[in-house]
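>>> Next come a sequence and a model predicted from it.
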There are 2 protein chains.
Amino acid sequence: MPHLIAVDWGTSSLRGARLDAAGSVLEEKSAPLGILNVPNGDFAHVFDSLFADWMKPAGSVCLISGMAGSRQGWVEAPYVACPAGLDELKKKLHWIEPGRIALVPGLSVEQGDVPDVMRGEEVQIVGGLRLAGISDGLFVLPGTHSKWATVREGRIVGFRTCMTGEFYGLLSQHSILARTLAADATLDEAMFLRGVTRAGNGEGLLHNAFGVRALALFDRLSPSQSASYLSGLLIGEELRHEAPGARDVIAIGAPALTARYALALKSMDVAVRCFGGEATWAGMRALQG
Amino acid sequence: MPHLIAVDWGTSSLRGARLDAAGSVLEEKSAPLGILNVPNGDFAHVFDSLFADWMKPAGSVCLISGMAGSRQGWVEAPYVACPAGLDELKKKLHWIEPGRIALVPGLSVEQGDVPDVMRGEEVQIVGGLRLAGISDGLFVLPGTHSKWATVREGRIVGFRTCMTGEFYGLLSQHSILARTLAADATLDEAMFLRGVTRAGNGEGLLHNAFGVRALALFDRLSPSQSASYLSGLLIGEELRHEAPGARDVIAIGAPALTARYALALKSMDVAVRCFGGEATWAGMRALQG
C-alpha cells in the first residue's frame, strides 16, 4: 500500500503526517495556516508549499479532515448523515484530485428539529475505535466545542456538541468573573473537583456561574482558584448532561484537556481511556485501508 | 412627614426621585454617573451637584440603594443576612449624615458553601410587596444578573442570582454565534418561544446554545430570528431552574425585559404581574415610613 499523507486542517491551524504502510508516523509538520488564514483563499498553493515533497512518490495519497471541507474551506464536502462509520465515510470521500487528494466529509445528525455537526472528529473517533480495539462506546472529544459521540457496531449513531471550551473563554475573559480570575493559572485539582461537585447540584449554569463572583467577593476563592473552580463547574455541567449512567468513556484530544475530563469522570466512578493526536492518524489509515 | 429623596445608584448610572408625603413622585432625574464613573471617587460632590437643591427644605431625607453601598461605592454598607424584610433593612440603614443621608444595605444568603448577594433589588421587592398588596410571593428582577427572591410574611427568605443577561451579551456579541446573529433585532415572539420550549428539553445550555449555530449553518434561522431564539433559550433555561411549579410570579424591571419573562411564563401557564421603576420609589417610601 502506498504512503499516506494525512492532514487535519482546522480553523486556525493545520497539521500533517506522513505514514508508512503500517500506519507509523514517519514525519509530522504543523502550520498556523488554518482555513481562516489561507492567503487569498488559495488552498492549493498552501497545500503544495507544505506537502509537495511528501506527495512526490508515485501512488501517494492525501486525506484531509476538518474545516477544509466546510463551506469556508478548500471545497465543500457535504455532511454525511448519522448513523455512519468507516464504510460511509470511505464511500463519501470528496476527491479534489481523483485517486490523489481527498477531503473526508463531516457528519450531521438531527435531534428533534435541531441539527448538529462535526468535521474532523469523525476521523479521530474511527481512529480511537481502532486504537482501543472496540466497536461500541461513548466518546468525548473536548475542546472549544466538545463532541460527545455514541458508537454502536462501529458506526456513530448520534452525537452532541457542547460549547464548554468557548463558554470558559467568554466567562474567564469577558464577563464580570474575569475581574477576579486568573485564566492562565495551573490547575488546582481540589478546586476543579469542587466545581464539578457544585455543578451536580442541578441548579443550572446561569446560577452556579454567579457563585464564582460571590465567592471571590467574600475572599473565599483566589484568582487562580476561581479559574479551576469555573473550569470544574463547566465540565461538571457538561458531564451531568452527557455522561449520566456511563460506565466508561474514551476521551480524545490534547492531553491537558483530556486529563481534566478524566479527573472529573473518575470522581464520578466512570472509567476513562485517553488518546491524543495518534487517533487522527489511525483514523486516516483506516480510511485508506 | 418630610419629603423623601430616593436615589438608585448603580454601577453605570443613577436615577433619583423627589417624593411627597404620600409617596407620589414630584420630580425625577438620572445621570450616567454610576459608581464606576464618579470623578476622583468624590461621591459627595456628585451627590451635591445633582441633589443639593432637592435637599434644601429642612427635614429632607435621602435614601440611596444599589452599588453606592458596595466596597467600590461611597461607603460600604455591609450586607444584611436573609431572612430580612422591611424591619431589618430599616434597622441597618447606613447613615452617611445622621438623619439626613443613608445607604440601604444589600442582602446576602448562603446556599451550601456558596454565598449570593443583591444590592438595590431588596428595595424593589419591598416596593413590589406594597404595590401588589401581598406579603408572600416569588419575585424575578431580570437584568444583567437576574434575581429570584422568595418572600414569606414580608421577609425575603432566600434568593438566587442568574447571569442570564450577561450570558446573552457574551454569546450574542463575543461567541461563534455572533457571526450569524443580529443582537439588536426586535423580538420575534414565535422564535423566542421556540427557544423557551427547546430549553425545556433539559439537555443543558452548553449543548442547546450550539443549536443556534447549527440552525444558522443550515439556513433554518435568520440573524434576527437567531437573536430571539437565543434569548428564549437563556430565559427558558433560567425559568426551568427558578420557577418549577410556580403558579404566579411578580416581575420587576424595565418593561421590555419583564415583557419577555411574562411571555415565557405565560406559555408555561404561570400568572405574572409586572412593575417598573415605581417599585423602587414605593420601597424607599416604605423604608422611610
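Everything's here; your move.
>>> use CA for all of it now, contacts and neighbours both
Will do.
>>> where do the helices sit along chain A?
Chain-ordered helices for chain A, with DSSP state H as the definition, fall at A:43-51, A:86-91, A:121-132, A:164-174, A:189-199, A:205-217, A:223-242, A:255-267, A:278-288.
>>> how about those helices, which one is nearest chain B?
Proximity to chain B (Cα to the nearest Cα) singles out helix A:205-217 among the helices of chain A, at 4.3 Å.
>>> tell me which parts of chain A are close to chain B?
Residues of chain A lying close to chain B by Cα under 8 Å from any Cα of the partner chain are A:114-117, A:160-164, A:166-167, A:170-171, A:174-175, A:203-211, A:214-215, A:237-238, A:241.
>>> ok so, going back, could you dump the helices of chain A to TSV with mean pLDDT and mean neighbour count?
Below are the helices of chain A laid out as TSV (pLDDT from 0 to 100; neighbours: other Cα atoms under 10 Å in any protein chain shown):
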stretch	mean pLDDT	mean neighbour count
helix A:43-51	97	14
helix A:86-91	98	15
helix A:121-132	98	24
helix A:164-174	97	19
helix A:189-199	98	22
helix A:205-217	98	22
helix A:223-242	98	25
helix A:255-267	98	18
helix A:278-288	96	23
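>>> Could you dump these into CSV with distance to residue B:146 added?
Written out in CSV, the entries for the helices of chain A read as follows (distance: least, Cα to Cα, whole Å):
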stretch, distance to residue B:146
helix A:43-51, 47
helix A:86-91, 47
helix A:121-132, 37
helix A:164-174, 17
helix A:189-199, 19
helix A:205-217, 9
helix A:223-242, 19
helix A:255-267, 29
helix A:278-288, 44
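>>> Chain A - how does it break down into domains?
Using automatic domain parsing, the domains assigned to chain A come out as A:1-119, A:124-289.
>>> Endpoints of the longest one, how far apart?
Meaning domain A:124-289. Start and end residues of domain A:124-289 are separated by 16 Å (Cα to Cα, to the nearest Å).
>>> now it: how far from the chain's centre is it?
Taking Cα atoms, centre = their mean, to the nearest Å, one finds the center of domain A:124-289 at 11 Å from the center of the full chain.
>>> quick revisit: kindly reformat the domains of chain A as CSV and extend each row with distance to residue B:226.
Output for the domains of chain A, formatted as CSV (distance: least, Cα to Cα, whole Å):
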stretch, distance to residue B:226
domain A:1-119, 13
domain A:124-289, 17
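>>> From residue B:108, how far out is residue A:218?
Distance, residue A:218 to residue B:108, by Cα to Cα: 11 Å.
>>> Who has more neighbours out of those two?
Neighbour totals were compared for residue A:218 and residue B:108, and residue B:108 leads with 21 against 11 (other Cα atoms under 10 Å in any protein chain shown).
>>> Now do the same contact list for that one.
Residue B:108 makes contact with B:79, B:80, B:81, B:82, B:115, B:116, B:117, B:118, according to Cα atoms under 8 Å, 6 or more residues apart in numbering or on different chains.
>>> Now it: closest residue in space, sequence neighbours ignored.
With Cα to Cα, 6 or more residues apart in numbering or on different chains as the measure, residue B:117 is the residue that lies nearest to residue B:108, at 4.5 Å, once sequence neighbours are left out.
>>> Now for that neighbour: which residues touch it?
Contact criterion Cα under 8 Å, 6+ apart gives A:214, B:79, B:106, B:107, B:108, B:109, B:161 as the residues in contact with residue B:117.
>>> Could you find which two of these are furthest from each other?
Greatest spacing in the contacts of residue B:117, by Cα to Cα: B:79 and B:161 (15.3 Å).
>>> Report how many residues lie close to residue A:60.
With neighbours defined by other Cα under 10 Å, the count for residue A:60 comes to 17.
>>> Correct me if wrong: it contacts residue A:6.
No: at 10.7 Å, residue A:60 does not count as touching residue A:6 under the criterion of Cα atoms under 8 Å.
>>> What pLDDT does the model give the residue nearest to residue A:276 when sequence neighbours are not counted?
Closest residue to residue A:276 in three dimensions, ignoring its sequence neighbours and counting by Cα to Cα, 6+ apart: residue A:253, at 4.9 Å. At residue A:253 the predicted local confidence, pLDDT, stands at 97.
>>> I'd like the distance between residue A:253 and chain B.
Using Cα to the nearest Cα, to the nearest Å, one gets 19 Å for the distance from residue A:253 to chain B.
>>> Residue A:134 too?
Per Cα to the nearest Cα, residue A:134 is found 27 Å from chain B.
>>> Pull the contacting residues for the residue nearest to that residue when sequence neighbours are not counted.
For residue A:134, the nearest residue in space outside its immediate sequence neighbours is residue A:154; the separation is 7.9 Å by Cα to Cα, 6+ apart. Residue A:154 makes contact with A:85, A:86, A:126, A:129, A:134, A:135, A:136 under the criterion Cα under 8 Å, 6+ apart.
>>> Verify the stated contact: the fourth one with residue A:123.
No: checked against Cα under 8 Å, the pair residue A:129 and residue A:123 is beyond contact range at 10.0 Å.
>>> mind checking how far the nearest residue to residue A:165 once chain neighbours are set aside is from residue A:258?
Spatially, and ignoring its direct neighbours in sequence, residue A:165 is nearest to residue A:144 (3.9 Å; Cα to Cα, 6+ apart). Distance from residue A:144 to residue A:258, counting by Cα to Cα: 13 Å.
>>> likewise residue A:76?
Looking at residue A:76 against residue A:258, where the rule is Cα to Cα, the gap reads 30 Å.
>>> Residue A:156 too?
Residue A:156 is 20 Å from residue A:258, by Cα to Cα.
>>> same check, this time on residue A:9
21 Å.
>>> How about the contacts made by residue A:273?
When the contact criterion is Cα under 8 Å, 6+ apart, the partners of residue A:273 are A:249, A:250, A:251, A:262.
>>> Look up the residues forming beta bridges with it.
Residue A:273 has these beta-bridge partners by DSSP bridges: residue A:250.
>>> now residue A:111
The partner list for residue A:111 in beta bridges (DSSP bridges) reads residue A:114.
>>> Any chance of CSV for the contacts of residue B:108, columns pLDDT?
Formatted as CSV, the entries for these read as follows, by pLDDT from 0 to 100:
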residue, pLDDT
B:79, 98
B:80, 98
B:81, 98
B:82, 98
B:115, 98
B:116, 98
B:117, 98
B:118, 98
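>>> Turn the residues you listed into JSON lines, including distance to residue A:18.
As requested, the contacts of residue B:108 are exported to JSON lines (distance: Cα to Cα, whole Å):
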{"residue": "B:79", "distance to residue A:18": "64"}
{"residue": "B:80", "distance to residue A:18": "66"}
{"residue": "B:81", "distance to residue A:18": "65"}
{"residue": "B:82", "distance to residue A:18": "65"}
{"residue": "B:115", "distance to residue A:18": "55"}
{"residue": "B:116", "distance to residue A:18": "55"}
{"residue": "B:117", "distance to residue A:18": "57"}
{"residue": "B:118", "distance to residue A:18": "59"}
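>>> filter these to the buried ones?
B:79, B:80, B:81, B:82, B:115, B:116, B:117, B:118 (16 or more other Cα atoms under 10 Å in any protein chain shown).
>>> isn't the third one right up against residue B:111?
No: contact criterion Cα under 8 Å: residue B:81 and residue B:111 do not qualify, at 12.0 Å.
>>> Provide a list of residues in contact with the closest residue in space to residue A:246 that isn't next to it in sequence.
Nearest residue to residue A:246 in three dimensions, chain neighbours excluded: residue A:270, at 6.5 Å (Cα to Cα, 6+ apart). Residues in contact with residue A:270 (Cα under 8 Å, 6+ apart) are A:246, A:247, A:248, A:249.
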